[in-house]
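A.B. asks: no FASTA, just this:
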DNA sequence: ATTCGATTGGTAAAATATCCCAATATCGAC
DNA sequence: GTCGATATTGGGATATTTTACCAATCGAAT
């Protein structure tokens, strides 16, 4: 796995903020001509450094006014239990993020919903129906102060 | 603000997962021809429903092995204090997400770093130097079970 | 200096986005 | 139902952009 040089990191920095830049614009920004810039981008894609290209959608425009962080403890923490939980979580579109945590909770989830009623539906029909959950604690977000997908390069 | 119909939502669903689909491919998937599909996409962009197009980068490939959730309480919660905190946070690339929360903490942050040492540097040179912070509590993520940018449509 | 390997830059062809206009569908009023 | 007005669709021409090829350049080791 070859290292990322300064130009690669510049490319990643720009594409993380706007993937619709043309190769010409990107090349200008990083100080290359189109050809080598293009090859570098393709290489970054092939190596999996760039994993995908996506559109980001405004949460409010979709009417998703509720963001919730959920702390979860499992009854048991054997690998099999963790895997079963991970598989279930992964299927649900409402769950945007899930982390296995250190400390006194096992998982931290970020979930979005249209309103409190639909969040309650998510809890009742999905999350609380999972086996092996010892406790669930919801914390609500009043507002999103910052949300970025761009990793520091 | 016109409502999003079923086709709009389909478009958003596909573009949230792969914005490199050609108009032809996208049009086929949603059951339109290229022209109306293209116009709908442009409209979604103009209305701000689609906010941006970005490349997602592999966190491991960048050597960012540490993900931390930080709970923060401020000494005071006047609007001015909140704004000052928000402004500071927004400048720092290490902070990917920040939410104003209900309950007994004020903010929840998600921060990434290369390793524990650089996380410590972030804490010492940035976060703890802010005025008006009453308490900071870090929880570390052992692994990312799910991470999605795609909102449910 | 010279050679080898890797990276670069220009160019041309292919793929794609974008715009215009006619045709079609949708909705409300009668 | 029928008509008319409005919004939406589809096809085709044009402009942009991506992509592949090849010669030129750069860098390092000898």
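C.D. replies: Thanks, I have the structure now. Keep in mind it's a predicted model, so treat the numbers as computed, not measured. Numbers count the residues shown, from 1 in each chain, chains lettered A, B, ... in the order given.

A.B. asks: kindly list the main-chain dihedrals of the closest residue to DNA strand C within chain A?
C.D. replies: Closest to DNA strand C within chain A is residue A:35: 3.0 Å, counting by Cβ to the nearest atom of the strand. All C-beta spots, glycine's among them, are computed from the backbone N, C-alpha and C. With angles defined as degrees, to the nearest 10, residue A:35 sits at phi -60, psi -60.

A.B. asks: contacting residues around it?
C.D. replies: By Cβ atoms under 8 Å, 6 or more residues apart in numbering or on different chains, the contact list for residue A:35 is empty.

A.B. asks: check residue A:140 too.
C.D. replies: Contacts of residue A:140 (Cβ under 8 Å, 6+ apart): A:66, A:67, A:68, A:69, B:101, B:102, B:103.

A.B. asks: going through those, which ones are buried?
C.D. replies: Applying a neighbour-count criterion of 16 or more other Cβ atoms under 10 Å in any protein chain shown, the buried members of those are A:66, A:67, A:68, A:69, B:101.

A.B. asks: quick one: the host helix or strand of the fourth one near chain B?
C.D. replies: The reference is to residue A:69. Following DSSP states H and E, one finds residue A:69 within strand A:66-74. Yes - applying Cβ under 8 Å from any Cβ of the partner chain, one finds strand A:66-74 touching chain B at A:67, A:69.

A.B. asks: just checking, what packs against that strand?
C.D. replies: Here strand A:66-74 touches helix A:79-91, strand A:107-113, helix A:116-125, strand A:133-147, strand B:95-101, going by 3 or more Cβ pairs under 8 Å, 6 or more residues apart in numbering or on different chains; DSSP states H and E.

A.B. asks: redo these as CSV? Include distance to residue B:61 and mean pLDDT.
C.D. replies: Output for these, formatted as CSV (distance: least, Cβ to Cβ, whole Å; pLDDT from 0 to 100):
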stretch, distance to residue B:61, mean pLDDT
helix A:79-91, 22, 95
strand A:107-113, 23, 98
helix A:116-125, 33, 98
strand A:133-147, 22, 97
strand B:95-101, 16, 98
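
A.B. asks: nearest spatial neighbour of the residue lying farthest from the centre of chain A, chain-adjacent residues omitted?
C.D. replies: Here the centre of chain A is the reference, and by Cα atoms, centre = their mean the most remote residue is residue A:33, at 32.6 Å. Counting by Cβ to Cβ, 6 or more residues apart in numbering or on different chains, residue A:33 lies nearest to residue A:27, which is 5.7 Å off, once chain neighbours are set aside.

A.B. asks: number of residues surrounding that neighbour?
C.D. replies: 20 (other Cβ atoms under 10 Å in any protein chain shown).

A.B. asks: how close does it get to residue A:35?
C.D. replies: Separation of residue A:27 from residue A:35 (Cβ to Cβ, to the nearest Å) stands at 8 Å.

A.B. asks: same check on residue A:62?
C.D. replies: In this view, residue A:62 and residue A:35 are 40 Å apart by Cβ to Cβ.

A.B. asks: cool, residue A:29 as well?
C.D. replies: Counting by Cβ to Cβ, the gap from residue A:29 to residue A:35 is 15 Å.

A.B. asks: ok, residues contacting stretch A:52-64?
C.D. replies: A:19, A:65, A:67, A:112-114, A:144, A:149, B:4, B:12, B:15-20, B:47-56, B:149-153.

A.B. asks: chain center to stretch A:80-89, what's the gap?
C.D. replies: 18 Å (Cα atoms, centre = their mean, to the nearest Å).

A.B. asks: so who does residue A:12 touch?
C.D. replies: Applying Cβ under 8 Å, 6+ apart, we find residue A:12 in contact with A:4, A:44, A:49, A:50, A:153, B:55, B:57, B:62.

A.B. asks: which pLDDT value belongs to the residue nearest to residue A:49 when sequence neighbours are not counted?
C.D. replies: In this structure, residue A:49 finds its nearest non-sequential neighbour in residue B:61, 4.4 Å apart by Cβ to Cβ, 6+ apart. What the model reports for residue B:61 is a pLDDT of 94.

A.B. asks: surely residue B:61 is within a strand?
C.D. replies: No - according to DSSP: H, G, I helix; E, B strand; the rest coil, residue B:61 belongs to no strand; its state is coil.

A.B. asks: for chain A, which residues are neighbours of DNA strand C?
C.D. replies: Contact residues, chain A versus DNA strand C (Cβ under 7 Å from any atom of the strand): A:2, A:7, A:32, A:33, A:34, A:35, A:36, A:39, A:40.
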